[in-house]
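Novice: I need the structure of the sequence given here:
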Amino acid sequence: MKHGKRYSEAAKLVDRAALYDVADAVALVKKTANAKFDETVELHVRTGCDGRHADQQIRGAVVLPNGTGKTVRVLVFAKGPKEEEAKAAGADYVGGQELVPKIQNEGWLDFDVVVATPDMMGVVGRLGRILGPKGLMPNPKSGTVTMDVTKAIADIKAGKVEYRLDKTNIIHCPVGKVSFSEEALKENLQTLLDTLVKARPSTLKGAYMKSAVLTTTMGPGIKMNTAKISN
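Specialist: Numbers count the residues shown, from 1 in each chain. As a prediction, the model looks like this:
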C-alpha cells in the first residue's frame with residue numbers, strides 16, 4: 001500500500017520493533033499527527049476471544065474522563081413523560097413511531113447514538129436492518145436501552161464510548177482528539193484499558209490482549225506493550 005509523504009515522515013518517528021507503554025505511546029501519537037484537521041486518537045485491540053461463542057462476546061460502554069472531543073447527536077425513542085424527560089435532558093431528537101418512515105424511507109441518519117426506553121424497542125426493532133450494520137442499534141449492555149434517559153443522555157454527552165468485538169475479534173475505540181493534552185489522553189486511554197481488562201471473558205483460555213495499537217485517523221500505528229496492560 002502506497003502512503004503519502006506526510007504519513008511516511010510520521011512513520012519514521014515510530015520504532016516498529018518497539019512496544020510502547022501508555023505514556024510513551026500517547027506522547028508519540030501526538031508527534032505523528034500532522035493532518036490539517038484535529039485527528040481522532042484511536043485504540044485497536046486484537047483479542048484472543050472468539051466472538052462466535054456467546055460467552056466470549058465483549059460489549060459495553062465507558063465514560064472517558066475527558067470526553068471524546070466530539071459533539072454527539074443523540075436520538076431518543078420514548079413516549080409520554082419519558083419523551084419530555086429526554087427533551088429536558090438535552091436529547092437532540094426525540095420521538096417514536098413517526099420517526100420510522102423518516103429513517104426507513106427518507107434515509108435520515110443525522111444522529112450518532114440512539115437511546116430507547118424498553119417499551120419502545122418494538123418500534124426500534126423495525127429499524128434493525130438500517131441501524132444494526134451502522135452500530136446504532138440500542139443495547140442494554142451499552143446502557144442505551146433504559147428507563148433512565150436522563151443518565152443515558154448525560155453519559156453520552158460527557159464522552160461515553162461503546163466497545164465491542166468486530167467480526168475479526170478486534171475492538172476499535174476512540175480515545176480523544178490530537179488537540180487534547182498528553183495528560184488528558186493518557187487518562188482516557190488508561191480508563192479504557194482498565195475497562196477492557198475487566199471485560200475479559202472468564203471462559204477465555206490463553207492470551208486476552210494479543211496486540212494493542214494506538215493511532216490517529218491518518219497516522220501510523222504505535223504498538224503497545226500488552227504485557228504491561230493485562231494478559
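Novice: with just CA atoms, put the host helix or strand of Gly176 into PDB.
Specialist: For Gly176, the element it lies in under DSSP states H and E is strand 170-177. The C-alpha atoms that make up strand 170-177 are tabulated as PDB, following Å, rounded to 0.1, in the frame of the first residue of the first chain:
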ATOM      1  CA  ILE A 170     -10.800  -6.800  17.300                       C
ATOM      2  CA  ILE A 171     -12.000  -3.900  19.400                       C
ATOM      3  CA  HIS A 172     -11.800  -0.400  17.900                       C
ATOM      4  CA  CYS A 173     -12.400   2.600  20.200                       C
ATOM      5  CA  PRO A 174     -11.800   6.400  20.100                       C
ATOM      6  CA  VAL A 175      -9.700   7.800  22.900                       C
ATOM      7  CA  GLY A 176      -9.900  11.600  22.200                       C
ATOM      8  CA  LYS A 177      -8.500  14.200  19.900                       C
END
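Novice: can you pull the buried residues of that strand?
Specialist: In terms of neighbour count (16 or more other CB atoms under 10 Å), strand 170-177 has its buried residues at Ile170, Ile171, Cys173, Pro174, Val175, Gly176, Lys177. Bear in mind the C-beta positions are built from the backbone N, C-alpha and C, glycine included.
Novice: could you give the mean pLDDT of that strand?
Specialist: Mean per-residue pLDDT for strand 170-177: 95.
Novice: next SSE downstream of it?
Specialist: Note on strand 170-177: by DSSP H and E, the next helix or strand toward the C-terminus is helix 182-198.
Novice: quick one: contacts of that following helix?
Specialist: The contact list for helix 182-198 (CB atoms under 8 Å, 6 or more residues apart in numbering) reads 22-23, 25-27, 29-30, 41, 43, 45, 58, 60, 62, 64-66, 159, 161, 163, 171, 173, 175-176, 180, 208-209, 212, 214, 229-230.
Novice: tabulate the CA atom coordinates of it in PDB.
Specialist: Presented in PDB, the C-alpha positions along helix 182-198 are these (Å, rounded to 0.1, in the frame of the first residue of the first chain):
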ATOM      1  CA  GLU A 182      -1.000  14.300  26.900                       C
ATOM      2  CA  GLU A 183      -2.400  14.100  30.400                       C
ATOM      3  CA  ALA A 184      -6.000  14.100  29.200                       C
ATOM      4  CA  LEU A 185      -5.200  11.400  26.500                       C
ATOM      5  CA  LYS A 186      -3.300   9.300  29.000                       C
ATOM      6  CA  GLU A 187      -6.200   9.400  31.500                       C
ATOM      7  CA  ASN A 188      -8.700   8.500  28.800                       C
ATOM      8  CA  LEU A 189      -6.600   5.700  27.400                       C
ATOM      9  CA  GLN A 190      -5.900   4.200  30.800                       C
ATOM     10  CA  THR A 191      -9.600   4.300  31.700                       C
ATOM     11  CA  LEU A 192     -10.400   2.500  28.500                       C
ATOM     12  CA  LEU A 193      -7.700  -0.100  29.000                       C
ATOM     13  CA  ASP A 194      -8.700  -0.700  32.600                       C
ATOM     14  CA  THR A 195     -12.300  -1.300  31.500                       C
ATOM     15  CA  LEU A 196     -11.300  -3.700  28.700                       C
ATOM     16  CA  VAL A 197      -9.200  -5.700  31.200                       C
ATOM     17  CA  LYS A 198     -12.200  -6.100  33.500                       C
END
